[in-house]
Each structure stands twice: as structure tokens, then as C-alpha cells.
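Participant: With the sequence up front, the predicted model follows.
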Protein chains: 4
Amino acid sequence: MVIVMNIDATDKQISDITNLLTSLGLGYHISKGEEKIVIGVIGDKKKLEGKAVEMMEGVEKVIPIVEPYKLASKIFKPEPTVVKVEDIEIGGSNIVIMAGPCAVESREQLFESAMAVKKAGAQFLRGGAFKPRTSPYSFQGLEEEGLKMLKEAKELTGLKIVTEVMDVHSVELVAEYADVIQIGTRNMQNFPLLKAVGRINKPVLLKRGLAATLEEWLSAAEYILSEGNKDVILCERGIRTFETYTRNTLDLSAVPAIKKLSHLPIVVDPSHGTGKWHLVAPMAKAAIAAGADGLIIEVHPDPKNALSDGAQSLTPENFETLCEDIKVIAKAVGRDFV
Amino acid sequence: MVIVMNIDATDKQISDITNLLTSLGLGYHISKGEEKIVIGVIGDKKKLEGKAVEMMEGVEKVIPIVEPYKLASKIFKPEPTVVKVEDIEIGGSNIVIMAGPCAVESREQLFESAMAVKKAGAQFLRGGAFKPRTSPYSFQGLEEEGLKMLKEAKELTGLKIVTEVMDVHSVELVAEYADVIQIGTRNMQNFPLLKAVGRINKPVLLKRGLAATLEEWLSAAEYILSEGNKDVILCERGIRTFETYTRNTLDLSAVPAIKKLSHLPIVVDPSHGTGKWHLVAPMAKAAIAAGADGLIIEVHPDPKNALSDGAQSLTPENFETLCEDIKVIAKAVGRDFV
Amino acid sequence: MVIVMNIDATDKQISDITNLLTSLGLGYHISKGEEKIVIGVIGDKKKLEGKAVEMMEGVEKVIPIVEPYKLASKIFKPEPTVVKVEDIEIGGSNIVIMAGPCAVESREQLFESAMAVKKAGAQFLRGGAFKPRTSPYSFQGLEEEGLKMLKEAKELTGLKIVTEVMDVHSVELVAEYADVIQIGTRNMQNFPLLKAVGRINKPVLLKRGLAATLEEWLSAAEYILSEGNKDVILCERGIRTFETYTRNTLDLSAVPAIKKLSHLPIVVDPSHGTGKWHLVAPMAKAAIAAGADGLIIEVHPDPKNALSDGAQSLTPENFETLCEDIKVIAKAVGRDFV
Amino acid sequence: MVIVMNIDATDKQISDITNLLTSLGLGYHISKGEEKIVIGVIGDKKKLEGKAVEMMEGVEKVIPIVEPYKLASKIFKPEPTVVKVEDIEIGGSNIVIMAGPCAVESREQLFESAMAVKKAGAQFLRGGAFKPRTSPYSFQGLEEEGLKMLKEAKELTGLKIVTEVMDVHSVELVAEYADVIQIGTRNMQNFPLLKAVGRINKPVLLKRGLAATLEEWLSAAEYILSEGNKDVILCERGIRTFETYTRNTLDLSAVPAIKKLSHLPIVVDPSHGTGKWHLVAPMAKAAIAAGADGLIIEVHPDPKNALSDGAQSLTPENFETLCEDIKVIAKAVGRDFV
């Protein structure tokens, strides 16, 4: 931590700070420049919790140096984490594709989707049984009935299941049916929920919050990791910006940035990231070229009649073409999609 | 709802849409311009749920006309809602001030804060017993012990209590101790939580999400209202923008905008809205001048030693000065703070 | 400047940096923490220009400590700057109001506006002769003819004139007619234009860029100041965010923030800041309550028939009511509007 | 254009609007819903310029249907524009790479850069002779001397030259030396400059503004096209968002979106788009996978000693590796880089 003071700070103001640091067992070094006085703090900054140094007289700002997350950090664990789901590895050399409808609507719709995405090469079936919707009047999901259908679809196709959990008391229920539990973008900072999924023995797909910085996102992962669950998969799904042509702005630079900061695998959701089906394929290819470990894509047998997010869903035909293209792109960046 | 098609849409593409509308019992009118064909849809657009018209051939975009919220809308209820908490009215001619520490830290800290804000004129004591914190390693609140202290502080001072609930299974517990239940910014779209507080008989203070539009915010209020709880108070607390000098960008234009769109009362949180104590007083005054019904302000007896958010907390002395100023500003806009 | 290195930086990597600093005549101090090594640089950081320390092996980031602007800084000049325009002071105890139509459209429209705003109490007439428009097909202004009408309106009413200049070669022309020269939001970082208005002897109203931080805005002011023109007035006019209900998000916290960082006066434009006439009056009052030195407001005798920005223009009647309200608010914050 | 009115609008309010439309020679159709009245306007909306329909009694909002740009639109010209610069085509099947230092610093630095990027396969040399810098105290470029060096570098290597122009009166000068004239991000809405480059006979590289929507960007292109210059190349270079880890947020979805909306070619600048050299290569590959027609990349023989933007510059070695990778990616999306 670095404490910046005005050049006209008094000796008393400076000694108030250094006395505080000393009393907490912290070291320091003072540099007087021409315009600022900078105090570098040495030692564990946690000792300063509950001390609002910014409030002390003469202090202009306090600049943190150490990231707020540890277990999620590449410094803590330099080798990449590979999350295993039965025979599938996420974060290894193989690209993983999770695909399926936004919401589970019916047995027919789900099975048709499942068979189509299986055939094209996806390893996971996605589908929401609990749906977070902006309006209380929109379709809210089939709930447990939907979970059961997902399990049947798994039995039918062998696809692994990824589905969302929205509150603490459904965690056990969802974990019974899912292979990977998804935390949605609106719940990225639902801390009781993060802690709850941190205590179970299932991989968690953690979507980036609509307005979350990389640091906040990794801190949210830290909540899960610090409860003991080491299998966290990050998912970039677009952030909110001023641009309205796309539903969100897909921040693909998050992919190489996360690879630099963290050991956790990262997948990309170009469906929510763009909100328009005709942008999904180019952005999916771009995600793999940028180094993503996988994709999560909305596919619906009949997008025009989807109960949710039809406009951003691919048809099975378009999805199949995309999977063919992903094979080629994966190879071009030294990976495989098989 | 208005459907915009390319001027080169075929007759078949147009009739596919009109046939769909007719089959659902909806009317329509077609206008052919020089560059676009516009189909205005007449009737209840809910009939179109599950029909992704954007996906139909020749369609360029679909523009919604009707807001997604109803109960929260001024069209539905033109007269302003006044929320009553015992003898205090929020949304009436009197300005309401909620003040206190970010987190309940100890009996002494809380009581000292409570007596100070009471003396200055606040009607509510704020203070977090459950604290949403970006890092799992930060102080997370005293939980039920903190709630009990809040109740004692109420008995001591007569101040009403506003405090945050973070998950569904704590709603009853918090409702036992609080006069107003706060939904924090990170939970604005935690839909199970919104439904849960919609079913209790206590007013809810709904903070605006970090990246929530006015429409999404009012739709979140709709979740609460549609469960039966009519006592929703909105709270503007800053949105996330590119500016980093302030912690958030306090969007005061939300105050008159909400007054135009909705009947619900609105208060402003200049502490989180700015993140810097020296900006709190000017922005508090500005909020009242813009038409806010009240303020929620962090006050700590010793901000330098606050366990949370010290840098944005006022001292009791500064808060007292601010309350004096608010009296004058309130009068200048035809209201009172007494 | 503070250089942050990974804890596993080698001795060679550290000495490469310290050797560089020494060779440039700069001092330094090294603090080794548990996770990072921090090198504080002592001396004039300009000596480091053209040295991308971030690129050196082992360096994680470089944190600047000193602001990039000097002449605009309160540290450089603690007492507030008061800009004088004949008998009017901007930045003194009196509130200044600049009002008039978005664009000069005709002699009648301008004179009617001028007389109306004069009667209500405005000291300045605003009106664009050169108009920056998003589309090339929109009305682009009357140019020199418009400037002449502004001068006539000044002779008629005694109002001072503020009007925009859009390019270097019109600076002299506009300066001939205007009392204050406006640099529009799209030109805040048009550096040749900033330098050009820095060399003339007329006050400059510098609007904040659509996506400019406070630091960038003050750095733009620095361009003008560093050429010799000391009379810069800042104008907050809304920034671009994700919210679409308002045309921009008026960042009123910029007012007390600028007062903290700089000695320059600041006025607020609630017309562009909101884009909706019914939000103008509440936000104008809020601006004065937040400490602004003045307002710039669009007033049109017949907003429905304005060639530009009608939807955000006040009628003369609404403007007169607002001016009455501003008198009361100004008094409530210890200032006057007369 | 669609005019939305409150359901309680009076007959008089409605007829005021329809009378206005009729008087201007415009048709209309009225749809009465349960909550809104919608008036669809038929005919050339330019007739409505100078009529602020939003201001008329009973009107809630006005929704434009037709884009503000025409010549830049794919509807106007469905086949893609290929810009020819001598023997090089931008927008054809071949990928074009523009590379070189941020600023021209010296003959040695420029020639070394030029030879390195030529060897790796770039077709264009980039380099700034006029530099827009946030602070007036930063290096501002070698100006005409820099332009002369660029010309020499062209003679030496055969590379085409792309360089920035910052104001109207330098347009002719820059056009003398450059093969493609760049309009920088800060000047995207410098309308006099756009008109000036619209009147010359050289291709223009138009960078997206820091906070510009796709619509505003294409409207800026329209300024150039409408003056007669048909050779506009768009350049996505990152937009400003709340994320601070990257210098900007590179919006790659702009690539397929622009391909949908416009016939103009688009290149991507991953150097400014990320601000960190280690993110440049993955984002460059992603850009090509997303469908970009080319790249513009900062390469410096000695980034640590660059006078500008060293931290985001590639070394010649890294650039060479990237060019090899681009060949493979280009092939994977059916294009070539040779």
C-alpha cells in the first residue's frame, strides 16, 4: 500500500501516520518529491483493516498494490487449473462447447436441442430450469421439472449438464442434477450464494457481472475457492457499456487478461455477449482465437418460438456449421475441438 | 410493439408475420416508407411471448413501446406513494434522513452514532449487520448480534431502523428487527430475494443496481409490488461509469426522472454515490434541490477507525452542519426537514 | 511514480531499473513486501519520458503519483480564479446564467430569446452560429451571419455573448463577436484548437468531453492555460453512460470535485446534460446546490419549432420561473443571483 | 418515425400532430393500444427537421426508424467497398497489416521499424508525425520533418504510409506524404476536419471515437462520403468502459456488426484497444477470426525507449511471430495474408 500526501503536509500529520503504522507492527518508507510525499507501507496490509487512512489529515489518496484475491491468482498457483467433469477436461488442450436452449421449455424442445448439439460435437448441454428475468411477468422456468428433463437428456445423449442456481436453498437440489453449476451474471456478487456453492463438490461456472471489473470477478471466484471448492470456471458474457446495437459488449480481452492474472479456465458466451444470433459465430471464433478454453452457446430447434432469448439463439444447422469452423480455428491456435 | 422490416422484404415475409399476428388474435397496421416497412402491432403484446419475431425473415428490429412494469408506473397510479413507518412519512412534504455507520461494529460505536444522528435531526438509523464485501477476507458484519444492537439503539433513541438483508432465509430474521428492509445494489436483480421481501409486511428500500437502467430498476420494484408489498422506496446510490475519481457516478437526474415515471418515493445515498466524504455534503444538498424525498448518509463517530467505508463517512460534527444546511435547502424547494 | 514488480523479480531485473533511474539522475527507494516489490521514484518524472518502464522485465505496473496538469491545479494556485467579462464575474459570489437558443436561426428568434432571458435575469446570451451535428444532413448553423446577429442582440440587450468555435481558422472571427468562446464537448481534445484559443485574449468555456475523466478535462484546460490564456471556465454537460433515458448522465459530483482539484470556475449545462426539458429545472437547482458558479441553459421562444435540440429547451416562461427558483437556492447556499 | 403518446392524450393533442404532419405533406397511421397511442409517420422525415415533436402536448417519445446515414449504409450499397492503395486492396480477400511505431522519433528508429515490419509481411507503415497527447507537456511529434522521414521510409521499403492529420490546415500537407490519412479517435466528430478529408483524393482511415456508438461512427463516415471521397476505412480501436485493467475495451463485435450495417472495410487496432503489449497478439488473432479486413499494430525496435506508447508496442520479434500466426488464422477463416 502506498499513501500519497500533499507536499504541504505538516510533520505532525506525517508522524500521525507513521506512529499508526508502527503501532500496528508495519514498516514504512517516506519519499519526499517536489509535489507529493509518498509513504510506502511494508508488511501485511490486513493489519490496516478498519483504519481509514484516507481520512487522516494531509492524506490525498491511498493506492493498494496487492490484489484482493490470492487463491485465484496466478502468483499463488502458476500452473493452469484443469477442471474435470467425468471424462471431459475444461482448461486442457481441448476446446469445450456447452450448448442448448436458454430455458428448458419442454421435453421435446430439450431433447431435440440435446441431440442436435451432441451431433455437432458439443460436450455439454446447457439449459435453464430457474430463469432470472428482468420482468416478473416473463417466463420464470420449469424449476425442478426442468432439472429432471435435463437429467433425462443426459441419459439420452451422454452430454454433461450445466444449469443455473439462483438461491442458496436450491443449491443442493441443482447439484443433484447438474454436472456444472452456473452462477449467473446478476448473482456474481451474491455472496451467500457464492459461499454456498463453495461448500459443495461440483464445478462452478462463474459468469462475469454486468459491470464487474476483472478484479471484482476474481474476488468473487475467491469467495468460492476460499470455501474449499477448487473447480471454478470463469465465463465472459459481455459487459454493459454505452453501445446499444449489441445487448452487451463482449470483452474478449478478458480472455488473455485472465490467463495472465489467474490459473482458472475461462469460457466465452457469445450469445448473451452480443444478443444477436448473426454475431454469435464470428465472436465464437474470435473467442477461441483469443485463447478461450471453451464456449457456451444458445441453440434452439426453433428460435422463432423460443420462450426466452430466441433472437440470440442459433438453429441446429448454424450451430453445426460453427462447430466445423471451430475445429479449424482451434487447430490454428494449437488446440483441438473433437 | 413496432416491427421494422427492410424495404426489400418479400410479400411472403410480410404475410408470415401478419399471419402470426392474426393467429394470436393481434391486430396490425403496415406502413411502407422509402427505406423501411413498419408493422405496428395492436393488442396485448404478452400474446407474443415465446415468439422471437426478430428471428423471422426480413425483420430488422423490434421496438417495444409499452414499459415492462405496471404497478410501479405513474400511469397505473398517478398520485405519489407515501410510505409510513410509524409516525414518519417517506414521500410526503417532509425530508427524511437515514444516517449511521456503514457497519454495526460494536454497541459503543452504534450508540454513539445513533445519539449523534438523532441529535442532528435524522429520523432513521442505518447500519449493516450483514455486509456484502467484494473480498471474502473483509469484515462481513456482526449478523444477528448486530441486529440486536440496532434494536437496542432504537429503544434508546426512538430512531427507526433501516438495515440490509442479503438472502432469502434471513428475511424473516431481519424483518423482526428492522423498520425498513434494505436490498443492496448487488442484489437489485436477485429475484428470489425480491419476491421474498415482496411477501412481508415491511417497507423495502431498493437500491439501484450498479449498472441498472431506470427501466430495470422499476422492473425490480415491480417484482416486490407484484407480490403484494406496496411500500417500496427507491434509492439512487451511484452508477458505474468510466470516471474513477469518484467511487461511483451519482446520477441525480434519476430523481426527477423517477418522479416522472413512477409514484414511488426516492431517496439518495451520496456516501456510496461519491465514495469521498468531502463530496457528501454538496451532493446531499444537490439531491434535495433535485427533488429527492430523503437521504441516506454514512456517519461514524471515528471515521478513521471504521471497519468499513471510513473514507466516505461524515463525522457527527460534519453531519450536524449538513442537517442545518438541508433545512435551508428543503425550504428553498418548498419542503421541510424538521 | 511507483514501480510495482513481481516478488519473484530477479536481482538483475531490479538493478536494470535502478541503474536506469540513477543514469537519469533520479533517486529511488525499494520496499520488498510479501507479494510485491515496490520501487518509489524520487525526482522529476519528466526525465523518464520516453522510457517505457512497464516494458522492463519483472515490472507489473507503473503507478503515476503526480497529476499531469499543473497550471490548472489548486496546488499551483490555491485561490479561486474569477473570470471577468466586462462587469460580470464568473467564479465570484454571484451566480451567472448563460441562456438562449441552441442555434441562431433568425434575427427574430434570437432577439426574442435574448429579450426573454435578459428579462428573467440571465447575464449571457448563448447561441450557436457554427453547429457540430452528428449527421451531415442536419442544420449546420448560420456561420458568420449568425455571429453578426449575436452582436446585434448584445447591442440590443447588453447581454454578453458566448458562442462556439469549431476550428482553428475561425478562432479570430469568433473572438471578434464573442465575449466568451466555447469549446464544445466533441472538441475537448482537439489540441490544435485548444492551443489556438490559448493564444487569444478572450475567456474560454471548456465543455467536458463525452467520455473525459476529470484528469483529462483539467489536462485539456492545461493546454489553454499553458499558452498564456488564464481565463478558462469549465462546463460540466453530462457524460456518456449505459443509461438511455437521459441523453447523457449529468455528473454533478464533478462540481465539488473540480472545486477540490482546481481553482477554475465551473458552470453546469443541464440542457445537454439531460436532453429532456422537464429535467432541466430540477438539475439546474441541484447544480447550484452542489456549488456550481453558474448555468448554461437552452431557451427557445418556440421549442416545438427549434431547428436544433427543441426537446431540451425551456420556454421563456419556464426559464423565468427557474430564475426565480435559482435566486432562492443561491441564497440557501450563501450566494446570490441578481 | 414513430410517435408514442400517452393513452390519455386528448383528441386535440392528437389532431395537433396529425395536422402538422398533413401540413408538411406527410402521411400517418394511428394505432390505439391499451396503454399507448402510436402514430406511424409515412414519408421523408427530413420534412420534420426543425419540429420538435417531443415537445408537443401528450407526446411521450419519438422513435426514429431510419438510420441517419445513407451513403455508408449497406442498404444503399450492398456490395463491399474495396479501397485500393496502389497495388494493395483493403476489404478484399487479403488481410492488410499496418505496423510501425506510435510516433516518428528519428530516422534510425523509423527505418529500423519499417524494415522490420516489411520483413514480417506488413503492407503499410504507420507512424505519427502529429501526435495528439493528453498532456501539453508530452512529446507532440516531429511534424513535417516526421512526414519527410515517412516518405523516405516508403522509398526505402515500398511500404505504403498511413499517418494522422489533426487539423484542417494540415490536410494538404499530410496528403502529400501519406497514402492513407488517419483521423484519430479524438477527432471522430471534428466535423470541419471530416469535411476537409472528404474533399481530397486519398483514402481515409477513420478511427472510432472513444465513446461513439456504431451509428455515430457511420454518421462520421457519412460526412466524408457526402463530400465525395468514397474511400473510407473504419478502424475499431477500443471504447471507454468502466474496466481499468485494459486502456480501452476492444469491441470486436463491432467487426461483424459493421459488416452487417455497412459496405465499408474495417480494420482493428489491438495496440490502443488494449494498451498492453501482451494482449496485442491474442486480440489481433481474434480480430481476424471475427472477420476484420486488417490490423494496425504498434511495433517499435526498442519499446522500452519509445517516446510514446511503449507499453503497448510489440518488438520486431514478437511482431514477426504474430504475422506467422495471422497467416494461419486468416486461412482458417477463408482469407489470406501474404
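Facilitator: Looks like it came in fine.
Participant: ok, and what's touching stretch A:149-160?
Facilitator: A:85-86, A:88, A:104, A:106-107, A:110-111, A:114-115, A:117-118, A:122-125, A:127, A:129, A:142, A:161, A:163, A:177-180 (CB atoms under 8 Å, 6 or more residues apart in numbering or on different chains). All C-beta atoms are positioned from the backbone trio N, CA, C, and that covers glycine.
Participant: and if you look at stretch A:64-83?
Facilitator: Contacts for stretch A:64-83 (CB under 8 Å, 6+ apart): A:1-2, A:45, A:89-92, A:203, A:215, A:218-219, A:221-222, A:225-226, A:230-233, A:260-265, B:134-135, B:137, C:2, C:4, C:6-7, C:33, C:35-36, C:38.
Participant: what's the answer for stretch A:299-310, then?
Facilitator: With contact meaning CB under 8 Å, 6+ apart, stretch A:299-310 is reached by A:99-103, A:105, A:109, A:112-113, A:116-117, A:128, A:131, A:133, A:138-139, A:271-272, A:277, A:298, A:311, A:313-316, A:319, B:49-56.
Participant: Can you pull the residues of the stretch 101-250 of chain A lying near chain D?
Facilitator: Taking CB under 8 Å from any CB of the partner chain, the part of the stretch 101-250 of chain A that reaches chain D is made up of A:211, A:213-215, A:239, A:241-246, A:249-250.
Participant: let's see 7 Å
Facilitator: Residues of the stretch 101-250 of chain A that fall close to chain D, judged by CB under 7 Å from any CB of the partner chain: A:211, A:213-214, A:239, A:241-246, A:249-250.
Participant: So which of those residues belong to helices?
Facilitator: Within these, residues falling in helices by DSSP state H are residue A:214.
Participant: Count the residues that sit near residue A:11.
Facilitator: Per other CB atoms under 10 Å in any protein chain shown, the neighbour tally for residue A:11 reads 7.
Participant: Against residue A:1, how distant is it?
Facilitator: In this structure, residue A:11 and residue A:1 are separated by 22 Å, where distance is defined by CB to CB, to the nearest Å.
Participant: Among the contacts of stretch A:149-160, name the buried ones.
Facilitator: Neighbour-count burial within these applies to A:85, A:88, A:104, A:110-111, A:114-115, A:117-118, A:122-125, A:127, A:129, A:142, A:161, A:163, A:177-180; the criterion is 16 or more other CB atoms under 10 Å in any protein chain shown.
Participant: Restrict those to those that also contact chain B, please.
Facilitator: Applying CB under 7 Å from any CB, the subset of those adjacent to chain B is empty.
Participant: Restricted to helices, list the residues you listed.
Facilitator: Helix and strand membership here follows DSSP H; of those, those in helices are A:110-111, A:114-115, A:117-118, A:177.
Participant: Up against chain B, what does the stretch 1-150 of chain A have?
Facilitator: Contact residues of the stretch 1-150 of chain A with respect to chain B, defined by CB under 7 Å from any CB, are listed as A:49-52, A:54-56, A:68, A:132, A:134-136, A:139.
Participant: Make a markdown table out of those and add pLDDT and secondary structure.
Facilitator: Listed next are the residues of the stretch 1-150 of chain A next to chain B as a markdown table, based on pLDDT from 0 to 100; DSSP: H, G, I helix; E, B strand; the rest coil:
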| residue | pLDDT | secondary structure |
| --- | --- | --- |
| A:49 | 74 | coil |
| A:50 | 71 | coil |
| A:51 | 76 | coil |
| A:52 | 78 | coil |
| A:54 | 82 | helix |
| A:55 | 80 | helix |
| A:56 | 84 | coil |
| A:68 | 87 | coil |
| A:132 | 90 | coil |
| A:134 | 88 | coil |
| A:135 | 88 | coil |
| A:136 | 90 | coil |
| A:139 | 85 | coil |
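Participant: what's the closest of those residues to chain D?
Facilitator: Of all the residues of the stretch 1-150 of chain A next to chain B, residue A:68 has the smallest distance to chain D: 13.6 Å, by CB to the nearest CB.
Participant: and the residue of the stretch 51-200 of chain A found nearest chain B, how many residues sit next to it?
Facilitator: Distances between the stretch 51-200 of chain A and chain B by CB to the nearest CB are smallest at residue A:52, namely 2.4 Å. By the other CB under 10 Å criterion, the neighbourhood of residue A:52 contains 23 residues.
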